[in-house]
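Engineer: Structure of the sequence below:
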Amino acid sequence: VDACLNLLKTQLKAKPTSQPTALQALAKMHAPKVVTALIQQVRDEPEASNRMHLRTALCRLHYKEGTWKGDSWGTRPDTRGPYYQPESWTETARINDWLKQQLDQTTGNETTNLILEINRHRIQIDKVVNQMMELAADDEQLVPPTIAKLAAENTFPEGGVPFLTSAVATSDLSSATLTQAVTALVKSGQTAALKPALSAISKMSGKQAQREQQRALQSLVKSRLLQNQLQLVLQECQNPDSTIGFWATAAVLGVAQEKKISPETREQAALSIDKMWKQPAQRIRLIKAAADTQNHFLDARIIELTNRPASDSLAEVQRAVKALRLTDKLDPNLPRIATIGVDAALKQFILTNGDVAHGQRLFKEANCTACHTVTKQAEQQGPYLGNIAATYKRQQLAEAVLQPNKTIAQGFATTSILTVDGRVVIGFVTKEQADQVTLRDAQAKEHKISKDDIEIRKTLKTSVMPEGLMDKYSVSDLAAIIAYLESLPQQ
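Structural biologist: Numbers count the residues shown, from 1 in each chain. Take a look at the predicted model:
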């Protein structure tokens, strides 16, 4: 101890920018003699920077590492430091009283530095949080530690909510600090804390934002504040500020799903959701909130919407099905395409996965093989589909099946021939020779016509493939056929 104390005096004369090595060693020596010597050194030290180094060492000496009892280390140990299991020792009370005196005697940067060190070493000092709030009003760097202190306090101080409201509104805070602000606000239990808590969640951004938003939302949902002020949250659901209104909606969804709150509160939230669901704009916000917060309260309603998709909510329904992993829960016995129409079928198709083996069976059952080949070895009849998925996207293939007249493959335009004897033949040309043309009609029947027998020949704007071929099939059947076509280039 004496050697380190002597060396410390020499090192302090050099006005070091970082903590001297002798002081680093002394900060780990839990002895009354060390505490007495360092307190005296602070009193005698003329340099402010050196005094701050000394105070940091005394903050570290405030606690000591406790004897391990087997329960202070686990899969998620507390690594805030400097001790895993801080415990008081004989000098803790003396250091605590001395730190209180220093808070009263210091000014400016020294006070700020001391408060930061007290907070960093997790030292509990009565009313220090009030001093922190007062100083943070003029010192931006004190705002995050003050919020952290408020979140950790057992007794919420007067003036805490106004300070947090101002900090959330005006400061550029990290997502982690905003989560601490929500924790502190809900701890206050004050009605005025509700809106700034929602605002704090809405302001989170960056890589950790989603995780922190979930943590903060859960803190809010499980709080007595939200349960007691649910009507106020429901009012915020109508807030023209889309971000606050969105998180208010997410909070109501959370209440409806949370099992650890009163049944009456859950029921009130559920009834309110029923009302919001009837309003298109609110319904879209509910779906988006469920997807973003992984809330499954609306699963059945979202699945129901896949059977009758609406243009205004289609994008959010698709995203929710994916985010909430509802694909496996979709009804496999979807309505027939003829009953819901082509437009609705194409919208629903986006949400539906297909089975390749089932699609291969349907390809034959729907008589697609009459006009199409899928292998190069087979005699070409109509458009070759063996590599069609390499050229067209999934949605384009579905449109081509349900709306064959929308786009006609090059070389397969429909030809209409009127013969000299008054016969009309419509189909696509499969073979053309100098004296004869061969057409295949919609029933896959070939017609060989001598060119001398042709009265009129013209190209039509419609496809040989008739519309309505998939009318008796479901959207899941359509998805299966497209899945089969997509698998062909890989075979």
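
Engineer: Spatially, what comes nearest to residue 459 if we skip its sequence neighbours?
Structural biologist: In space, and not counting its chain neighbours, residue 459 is closest to residue 413: 5.1 Å by Cβ to Cβ, 6 or more residues apart in numbering. In short, each C-beta sits where N, CA and C put it, glycine included.

Engineer: A helix includes the one you found, no?
Structural biologist: No - assigned with DSSP: H, G, I helix; E, B strand; the rest coil, residue 413 falls outside any helix and is coil.

Engineer: Quick check, it in contact with residue 462.
Structural biologist: No - using Cβ atoms under 8 Å, residue 413 is not in contact with residue 462; the gap is 9.4 Å.

Engineer: Can you check which strand is longest in this structure?
Structural biologist: Longest strand in the chain by number of residues, with DSSP state E as the criterion: strand 424-432.

Engineer: list the buried ones in that strand?
Structural biologist: In terms of neighbour count (16 or more other Cβ atoms under 10 Å), strand 424-432 has its buried residues at 425, 427, 428, 429, 430.

Engineer: ok, now stretch 101-108?
Structural biologist: Buried residues in stretch 101-108 (16+ other Cβ under 10 Å): 102, 103, 106.

Engineer: What of stretch 210-230?
Structural biologist: Those would be 212-217, 219-223, 225-227, 229-230, for stretch 210-230 by 16+ other Cβ under 10 Å.

Engineer: Kindly report the same for stretch 392-405.
Structural biologist: 392, 394, 397, 398, 399, 400, 401, 402, 404.

Engineer: got a list of what residue 272 touches?
Structural biologist: By Cβ atoms under 8 Å, 6 or more residues apart in numbering, the contact set of residue 272 is 234, 237, 252.

Engineer: got a winner among those residues for most neighbours?
Structural biologist: Neighbour counts for the contacts of residue 272, by other Cβ atoms under 10 Å, peak at residue 252, which reaches 26 neighbours.

Engineer: quick check, nearest of the contacts of residue 272 to residue 20?
Structural biologist: Ranked by distance to residue 20 (Cβ to Cβ), those are led by residue 252 at 56.4 Å.

Engineer: what's near enough to touch the closest one?
Structural biologist: 230, 233, 234, 237, 269, 272, 273.

Engineer: host element of residue 448?
Structural biologist: Assigned by DSSP states H and E, residue 448 belongs to strand 446-450.

Engineer: what's the helix or strand just after that strand in contact with?
Structural biologist: With elements assigned by DSSP H and E, the helix or strand that comes after strand 446-450 is strand 454-459. Contact with strand 454-459 is made by 413, 414, 415, 416, 417, 418, 419, 420, 437, as judged by Cβ under 8 Å, 6+ apart.

Engineer: Phi and psi next, for the nearest residue to the second one once chain neighbours are set aside.
Structural biologist: Spelled out, it's residue 414. Sequence neighbours aside, residue 460 is the residue nearest to residue 414 in space, at 4.2 Å (criterion: Cβ to Cβ, 6+ apart). Main-chain torsions, residue 460, degrees, to the nearest 10: phi -100, psi 160.

Engineer: Count the residues that sit near residue 460.
Structural biologist: 14.

Engineer: Run through the residues that contact it.
Structural biologist: So residue 460 contacts 413, 414, 415, 416, 426 (Cβ under 8 Å, 6+ apart).

Engineer: Kindly give a single ChimeraX line that selects the buried subset of these.
Structural biologist: Selection of buried members from the contacts of residue 460 for ChimeraX, criterion 16+ other Cβ under 10 Å:
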select :414,415
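
Engineer: Same list, the contacts of residue 460, but as a markdown table with pLDDT and distance to residue 140 please.
Structural biologist: Converted to a markdown table, those look like this (pLDDT from 0 to 100; distance: Cβ to Cβ, whole Å):
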| residue | pLDDT | distance to residue 140 |
| --- | --- | --- |
| 413 | 80 | 72 |
| 414 | 83 | 74 |
| 415 | 88 | 78 |
| 416 | 91 | 80 |
| 426 | 87 | 79 |
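
Engineer: Spit out the contact partners of residue 446.
Structural biologist: Counted by Cβ under 8 Å, 6+ apart, residue 446 has contacts 430, 438, 439, 440.

Engineer: in a strand, that's where residue 438 is, yeah?
Structural biologist: Yes - under three-state DSSP, residue 438 sits within a strand.

Engineer: pLDDT at the residue nearest to it when sequence neighbours are not counted, what is it?
Structural biologist: Counting by Cβ to Cβ, 6+ apart, residue 431 is the residue found nearest to residue 438 once chain neighbours are left out, at 4.1 Å. Looking at residue 431, its pLDDT stands at 86.

Engineer: what do you get for the one 10 residues further on?
Structural biologist: The pLDDT attached to residue 441 in the predicted structure is 78.

Engineer: Count the neighbours of it for me.
Structural biologist: 15.

Engineer: which secondary element of this structure has the worst mean pLDDT?
Structural biologist: When each helix and strand of the chain is scored by mean pLDDT, DSSP states H and E, helix 337-340 comes last, with a mean of 71.

Engineer: Okay, buried residues for the strand holding residue 448 please.
Structural biologist: Buried residues in strand 446-450 (16+ other Cβ under 10 Å): 447, 449.

Engineer: neighbouring strands for it, and are they parallel or not?
Structural biologist: For strand 446-450, the pairing partners within the sheet under DSSP bridges are strand 436-440 (antiparallel).

Engineer: centre of the chain versus the strand it pairs with, how much separation?
Structural biologist: Its chain's C-alpha centre and that of strand 436-440 lie 59 Å apart, by Cα atoms, centre = their mean, to the nearest Å.

Engineer: And the contacts of that strand?
Structural biologist: Taking Cβ under 8 Å, 6+ apart as the rule, strand 436-440 contacts 371, 381-382, 415, 417, 425-432, 446-451, 454, 464.

Engineer: Check stretch 31-41 too.
Structural biologist: 1, 5, 8-9, 12, 26, 54, 57-58, 61, 90-91, 94-95, 98.

Engineer: Correct me if wrong: residue 233 contacts residue 226.
Structural biologist: Yes - look at residue 233 against residue 226 with Cβ under 8 Å: they come within range, at 6.2 Å.

Engineer: Kindly provide the distance from the nearest residue to residue 254 once chain neighbours are set aside to residue 202.
Structural biologist: Leaving aside its chain neighbours, residue 254 sits nearest to residue 221 (3.7 Å; criterion: Cβ to Cβ, 6+ apart). Residue 221 sits 15 Å away from residue 202, going by Cβ to Cβ, to the nearest Å.

Engineer: Which pLDDT does the model give residue 341?
Structural biologist: 77.

Engineer: Compute the number of surrounding residues for it.
Structural biologist: 11.

Engineer: All set now, cheers.
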